[in-house]
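*Asks:* sequence below, structure please.
(chains A and B)
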Amino acid sequence: MFSLHLPRERLLEAYRTMQTIRSFEERVITEMGTGDIPGSTHLYAGQEASAVGVCMHLTDEDYISSTHRGHGHCIAKGCDINAMMAELFGRVTGTCGGKGGSQHIADLRKGMLGANGIVAGGAPITCGAALSAKLRKTDRVAIAFAGDGAMNEGAMAESLNLAKIWMLPIIFVIEDNGFGEATANEFVSAGSFVRRAEGYDIPSAEVDGTDVFKVYTAAGEAIERARAGGGPSLLHVHVPRYYGHYSGDPDTYRTPEEKKIMRQEQDCLIKFRNKVSVEDLVKGSALEAIDAEVIAAVDESVKFARNSEFPPASALTTDVYVKYV
Amino acid sequence: MAKISFRQALNDALRLEMARDPRVIMMGEDLTGGAGGNGVKDAWGGAFGVTRGLLGEFGPERIRDTPISETAFIGAAAGAALTGMRPVAELMFVDFAGVCLDQIVNQIAKFRYMFGGRARTPLVIRATYGAGTRSAAQHTQAFYPIFTHFPGLKVVIPSNPYDAKGLLLQAMRDDDPVIFLENKMLYDTMGEVPDGSYTVPFGEAKVVRDGKDVMIVAIGRMVKIAEEAARKLQADGISACVIDPRTTSPLDEDTLIEFAEEIGRVVIVDEATPRCGMAADISAMLADKCFDSLRAPIKMVTAPHTPVPYAPNLEDLYVPNADAVIKAVKSIIER
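*Replies:* Residues are numbered from 1 along each chain as shown, chains lettered A, B, ... in the order given. Okay, here's the model as predicted:
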């Protein structure tokens, strides 16, 4: 399979990024318990292979937009986890100076155009980033990450159409974790996402989002096409969601049994470890070393956040305009 | 200086800035009008002819006719602005903000703040507004109070050709998102306008007419109504000053306060409906800042709290007119 074509360094990088997302999110859960992270967060744990398999093809020059569940996309796009954790804690050293929080986390220097509190809100904006890349005659691409819920928003339908008629270098990555908030996707979605894309003549595919190699392959094809001027694609990526919709969600609409099976059978990290050991690509000790480094890095991010100041009171009224009066 | 229409002044501003700055692109419905048809490619030049001729000069990469998908193209303009372009998007009627308000108020207005000051969104959304075209309730509203409400947006409402050109050039050079509202009834208004580029700064009210007995504050098309009222009042021996804020966000509070304190009587004319409108907003500000200088209650002349009606006689009653302004002025002069 595709794993054989990836150099060892890239395999380790994929693992490190997935493990960083997992550890970051699990640490966020712990820190939420202390009451020191304000509000709520939407966790990406379980979905790591999707963000990582896609973003491994990107550089800082490429653009992504994200959803409520944005931490994983940020990490996969190379955002600094110290600044991210500080943002979640509402500190001035955060990615957005403590003004955006989990739901609006963004880093434009990394081409990360923002998590979004509005379902499908990022899709039109990402079309614009793709248009900008195209008009400036670059080979940059833009990725609109969205959830299954976003596929039932008008903004998404409009964006798919616009992306196709303007042949924009954009890939819609629809991460279907089975639930829009607490309602099952199959309860609210007609037809199929892939066939909806086909209706717009947008190349599309269903992808097993628990296997980073499969995501990497499908995304690679779509991104290559977009860079070459071949227009938009849509990937319907099936992923598990390990926690509730948000950090305070008791998640009683799924049974304990199904959640247990999900973690046993659909874990992208377990699958990765099994695959690379069967194919003897990477020694287990190398992965364990990465695990330790990742935990230390996440520890450090929490220390960084806790040692950082809240924004000064004067920050309340700054950053509204570049210049107002 | 040539005498040109409000419409031509806007067209000139767009042309000059597109020629000067390759980052300026335009998108909207029927900006050219005729795309994909077998006939004239630039048949409409916008529903009101404001963008006529730009296609020939700048081509379809920069003058982009869109599907009727306001969310998609307003959002795309935002994304392009975030990533280095300077788009001008056109909402054919401001009423269509109803289907893309999320992009305007939740996304565009908030990027800079949510991202801790690390985003610039140099975007202009041009839109027509206002009653008077016998188009009933959904193509006629004066939405500017809604946009003025949102931090992060600037709101510009020109009342004459000179300001239209200078304010639009300023809007296109501004680094913040600007909602630029054009009253449909003003497109044929003529006025003297310089040929080249110039800008009119935001947040600087214009004293349209000086006077000592009453200050009439008016916005957009209402400036003409206020001037008409002022002329008629002059015949009755009442000297009315007319002030045009030109932008409702930022609002030139200093000038309004200065004149209100000096004159002591204030009438505000607003084409929007009265609740949470600009008249209410400016009244509250003046009552707060210069209550002790006021010699009479502040009077608001606005549309009624109704949708815009269709029947011509009703629509004519809906839009504030000079008689209504005169009546409001006299009610406080004769106290």
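
*Asks:* going forward, measure contacts between C-alpha atoms and count neighbours the same way
*Replies:* Will do.

*Asks:* now do stretch B:126-133, average pLDDT.
*Replies:* Taken as a whole, stretch B:126-133 has a mean pLDDT of 97.

*Asks:* show residues contacting that stretch.
*Replies:* By C-alpha atoms under 8 Å, 6 or more residues apart in numbering or on different chains, the residues outside stretch B:126-133 that reach it are B:88-95, B:139-143, B:179-185, B:271, B:308, B:315-316, B:319.

*Asks:* pull out the buried members of the residues you listed.
*Replies:* Neighbour-count burial (16 or more other C-alpha atoms under 10 Å in any protein chain shown) is assigned, among these, to B:88-95, B:139-143, B:179-185, B:271, B:308, B:315-316, B:319.

*Asks:* and chain A, which residues reach chain B?
*Replies:* A:95-100, A:104-108, A:114, A:118, A:121, A:124-132, A:135, A:155, A:158-159, A:162, A:318-325 (C-alpha under 8 Å from any C-alpha of the partner chain).

*Asks:* list only those of the residues you listed flagged as buried.
*Replies:* A:95-100, A:104-108, A:114, A:118, A:121, A:124-132, A:135, A:155, A:158-159, A:162, A:319-322.

*Asks:* neighbours around the closest residue to residue A:205 other than its chain neighbours, how many?
*Replies:* Spatially, and ignoring its direct neighbours in sequence, residue A:205 is nearest to residue A:235 (5.1 Å; C-alpha to C-alpha, 6 or more residues apart in numbering or on different chains). Counted with other C-alpha atoms under 10 Å in any protein chain shown, the neighbours of residue A:235 add up to 23.

*Asks:* same question, residue B:173
*Replies:* When neighbours are defined as other C-alpha under 10 Å, residue B:173 has 17 of them.

*Asks:* surely residue B:238 meets residue B:229?
*Replies:* No - contact between residue B:238 and residue B:229 fails when scored by C-alpha atoms under 8 Å: they sit 10.4 Å apart.

*Asks:* flag every residue of the stretch 151-300 of chain B that's near chain A.
*Replies:* Selection of the stretch 151-300 of chain B residues close to chain A by C-alpha under 8 Å from any C-alpha yields B:151, B:152, B:175, B:176, B:202, B:203, B:250.

*Asks:* neighbour count winner among residue B:238 and residue B:229?
*Replies:* residue B:229 (22 against 19).

*Asks:* surely the more buried one forms part of a helix?
*Replies:* Yes - per DSSP: H, G, I helix; E, B strand; the rest coil, residue B:229 lies within a helix segment.

*Asks:* show the average pLDDT along stretch B:178-192.
*Replies:* 98.

*Asks:* other residues contacting it?
*Replies:* By C-alpha under 8 Å, 6+ apart, stretch B:178-192 touches B:1-7, B:48, B:94, B:122-133, B:144, B:147, B:153-162, B:168, B:171, B:220-221.

*Asks:* what's near enough to touch the residue positioned nearest the centre of chain A?
*Replies:* Most central in chain A under C-alpha atoms, centre = their mean is residue A:73, positioned 2.8 Å from the mean C-alpha point. Taking C-alpha under 8 Å, 6+ apart as the criterion, residue A:73 is in contact with A:51, A:52, A:55, A:66.

*Asks:* residue in the stretch 101-250 of chain A nearest to chain B?
*Replies:* residue A:128 (3.5 Å; C-alpha to the nearest C-alpha).

*Asks:* perfect, that will be all.
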